[in-house]
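Show me the folded form of this:
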Amino acid sequence: MSKGMIGPIGDQIEVFAVCPSDAIERSNARGFILSRVDDSGESRPFPIVVVRTFGDEYLGYVNRCPHDSVWLNIGSGEFFSSDRSFLRCGRHGARFEIDTGLCIDGPCNGQTLEPVALAVIEGDVCLCGVKLLEDDRFSNAFEDSDETMDITIHPD
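This is a model prediction of the structure:
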């Protein structure tokens with residue numbers, strides 16, 4: 001992941017390269033966990049999903065279901081419905097329109113995924129306008145796993 005700035009003089013936007021554009025095949029998606037700086041200046045995990053459409057557009061969303069805040073790909077590691085025409089939540093099966101993030105079926109019906117601004121710049125998919133740390137410890141969190149989330153609950 002690399003950092004840069006774009007925009008007219010005096011109106012610069014932070015840009016972070018997330019991955020090469022060819023790292024995601026058409027009609028596929030890939031999850032990343034970046035390191036976002038919150039309002040207090042602390043670093044927090046920032047999970048996103050980058051979708052490459054069949055029409056070769058790149059769309060980005062925060063990888064969090066609006067219903068109960070779990071990753072969309074929890075469980076099976078898949079971001080899509082079985083027919084690949086919708087994004088879906090692995091926990092309860094909510095379906096979201098790929099190009100709008102609108103939930104059309106499930107417990108969060110009518111709510112939307114939180115979009116993130118993406119641009120393809122010099123062959124890289126870049127996240128725009130979000131203050132991130134240049135920290136690779138989260139960026140490939142799904143590389144050596146089955147793209148699931150382990151949750152441990154410790155009783156008090």
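
On the three-state scheme, the closest residue to S27 other than its chain neighbours is what?
Excluding the flanking residues, the one nearest S27 by Cβ to Cβ, 6 or more residues apart in numbering is F54, at 4.7 Å. Every C-beta, even on glycine, is put in place using the N, C-alpha and C of the backbone. Of the three states, F54 takes coil under DSSP: H, G, I helix; E, B strand; the rest coil.

how close does F54 sit to E114?
Remark: distance between F54 and E114 (Cβ to Cβ, to the nearest Å) = 23 Å.

who has more neighbours, the two?
Just comparing F54 and E114: by other Cβ atoms under 10 Å the higher neighbour count belongs to E114, 13 against 10.

In stretch 22-40, which residues are buried?
If you call a residue buried by 16 or more other Cβ atoms under 10 Å, then stretch 22-40 has these buried ones: 24, 29-36.

a markdown table for those residues, including pLDDT and secondary structure?
Rendered in a markdown table, the data for those read as follows (pLDDT from 0 to 100; DSSP: H, G, I helix; E, B strand; the rest coil):
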| residue | pLDDT | secondary structure |
| --- | --- | --- |
| I24 | 97 | coil |
| A29 | 97 | strand |
| R30 | 97 | strand |
| G31 | 96 | strand |
| F32 | 96 | strand |
| I33 | 95 | strand |
| L34 | 94 | strand |
| S35 | 92 | strand |
| R36 | 91 | strand |
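
Out of those, flag the one nearest to I98.
A29 (8.8 Å; Cβ to Cβ).

ok, back up a step: please tabulate the buried residues of stretch 22-40 in CSV, including the columns distance to S76.
Listed next are those as CSV, based on distance: Cβ to Cβ, whole Å:
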residue, distance to S76
I24, 18
A29, 13
R30, 15
G31, 13
F32, 18
I33, 18
L34, 23
S35, 26
R36, 26
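
Just the pLDDT for S2.
As predicted, S2 sits at a pLDDT of 52.

On the C-terminal side of the helix or strand where P45 lies, identify the next helix or strand.
In this structure, P45 is located in strand 43-52 according to DSSP states H and E. Tracing the chain C-terminally past strand 43-52 and defining elements by DSSP H and E, one meets strand 58-62 next.
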